[in-house]
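# Provided below are the primary sequence and the corresponding predicted coordinates.
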Amino acid sequence: MIPIAKPFIGDEEIKEVETVLKSGFIAQGPKVAEFEGKFADYIGTRHAIATSSGTTALHVALLCAGIGKGDEVVTTPFSFAATANSVLYVDAKPVFVDIDPKTYNINPEKIEEVITDKTKAIMPVHLYGQPADMDPICKIAEDHDLKVIEDAAQAHGAVYHGKKVGLIGDMGCFSFYPTKNITTSEGGIITTDNDSFDKDARALRAHGESERYEHIILGYNFRMTDIAAAIGVVQLKRLDEFNEKRIENAEYLTEHINTIEGIEPPCVAENVKHVFHQYTIRVKSGKRDELKEFLNNEGIGTGVHYPKPIYKQKLYENLGYTAECPEAEKSAAEVLSIPVNPTLSAEDLGKIVSVLEDASDKIFK
């Protein structure tokens with residue numbers, strides 16, 4: 001089976017973890033601080049605050065922004081549930097805005113329609129590794145005095161108009177889950193230039209401590225371990241290499257499947273660097289699930305990211321959420337992710353194209 005995702009863990013990562021284990025300092029410590037410093041340098045921010053996951057990074061970022069009960073956060077319904085769940089964690093309300101059908105990211109033209117006096121932030125998602133259209137989003141935020149929290153969980157190293165994502169809004173939140181462009185096994189990080197957010201985030205992730213056994217606010221145990229950070233330090237050195245391979249694989253796939261009937265390759269917006277956390281095609285004529293089964297039977301892994309908008313999840317239906325997002329609903333019925341990860345060989349890529357051509361002949365004609 002050609003996997004839809006496959007983390008690359010080499011000898012250097014194993015050696016770094018072994019060193020940490022032998023040191024006896026395996027909780028949050030010097031290796032986390034090293035990883036934070038190097039990640040901040042990579043993104044270009046003053047600060048980076050490591051957390052236990054991408055979800056906890058979002059949770060902490062919302063708390064730092066002062067989001068709480070009764071507040072509203074504008075976001076996309078076409079994402080993993082953690083995006084909106086993090087808003088619920090702070091007792092606020094996610095407000096869903098439809099997507100651009102080409103990029104699958106939140107459509108800035110729809111945002112102002114839902115802004116109220118309760119709106120306190122916009123949380124765009126850089127879905128599949130492609131930056132959201134941040135200039136109009138930031139302009140809307142400025143006009144309405146809103147915070148911008150970037151959900152960059154899938155977009156490590158992605159670039160929008162010359163700036164890396166995570167540097168554009170008030171805060172950026174990344175995930176290091178094993179399927180991401182780099183991994184720490186589990187983990188997340190917040191990037192920001194704001195000194196106050198940095199101070200608050202460091203307290204919030206560690207039981208609200210300002211110093212040992214001095215608890216100034218209600219906090220959480222959202223810390224990253226030195227074991228995880230040791231992996232991250234090595235992975236970060238390889239991030240650009242991994243991303244370039246993903247881009248190279250994506251370009252090959254697009255070139256070879258662009259004319260295959262029934263399949264639409266992903267669109268890359270102008271003036272961005274799309275780092276292809278996922279290579280997501282659009283399958284026409286209601287044949288998505290049939291194509292998925294065909295590929296799986298031929299030994300090619302696939303994923304549906306995502307099969308329904310967040311507001312159609314049972315949790316949100318039970319909470320009374322509704323939204324009018326026809327593009328998100330249409331995309332949920334048509335998208336299919338196929339392998340693009342940097343471990344793919346030339347033979348793997350050739351097989352993917354060949355099987356898609358065969359599938360087109362059998363399914364769409």
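Cool, got the structure.

# contacting residues for Ile140?
Ile140 makes contacts with Pro108, Ile111, Glu112, Ile115, Ile122, Leu146, as judged by CB atoms under 8 Å, 6 or more residues apart in numbering. For the C-beta atoms, the positions are set from N, CA and C on the backbone; glycine is no exception.

# Was I right to think the fifth one contacts Glu150?
Right, the one you point to is Ile122. No. Using CB atoms under 8 Å, Ile122 makes no contact with Glu150, being 9.5 Å away.

# Buried ones in the helix or strand where Asp41 lies, by neighbour count?
Assessed by DSSP states H and E, Asp41 sits inside helix 30-43. Counting neighbours by 16 or more other CB atoms under 10 Å, one finds that the buried residues in helix 30-43 are Lys31, Val32, Phe35, Glu36, Lys38, Phe39, Ala40, Tyr42, Ile43.

# from what I can see Val165 touches Gly172, true?
Yes. Counting by CB under 8 Å, Gly172 is a contact partner of Val165 at 6.2 Å.

# And these two? Which one has more around it.
Legend: neighbour count by other CB atoms under 10 Å for Val165 and Gly172, higher for Val165 (30 against 27).

# Distance check, that one against Thr179.
For Val165, the distance to Thr179 (CB to CB, to the nearest Å) stands at 18 Å.

# how about the buried residues of helix 30-43 in CSV, adding pLDDT and distance to Pro342?
As requested, the buried residues of helix 30-43 are arranged in CSV below (pLDDT from 0 to 100; distance: CB to CB, whole Å):
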residue, pLDDT, distance to Pro342
Lys31, 98, 24
Val32, 98, 26
Phe35, 98, 21
Glu36, 98, 25
Lys38, 98, 20
Phe39, 99, 19
Ala40, 98, 24
Tyr42, 98, 18
Ile43, 98, 20
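
# For the closest residue to Gly299 other than its chain neighbours, give me its contacts.
Closest residue to Gly299 apart from its sequence neighbours, by CB to CB, 6 or more residues apart in numbering: Met1 at 5.1 Å. Applying CB under 8 Å, 6+ apart to Met1 gives the contacts Gly299, Ile300, Gly301.

# For Pro266, grab phi and psi.
phi -70, psi 150 (degrees, to the nearest 10).

# So the chain: which segments form each domain?
Annotated domains of the chain cover 11-97+105-234, 239-364 [automatic domain parsing].

# Of all these, which one is nearest Ala5?
domain 11-97+105-234 (4.0 Å; CB to CB).

# Show the end-to-end separation of that closest one, please.
The straight-line separation of the ends of domain 11-97+105-234 (CA to CA, to the nearest Å) is 10 Å.
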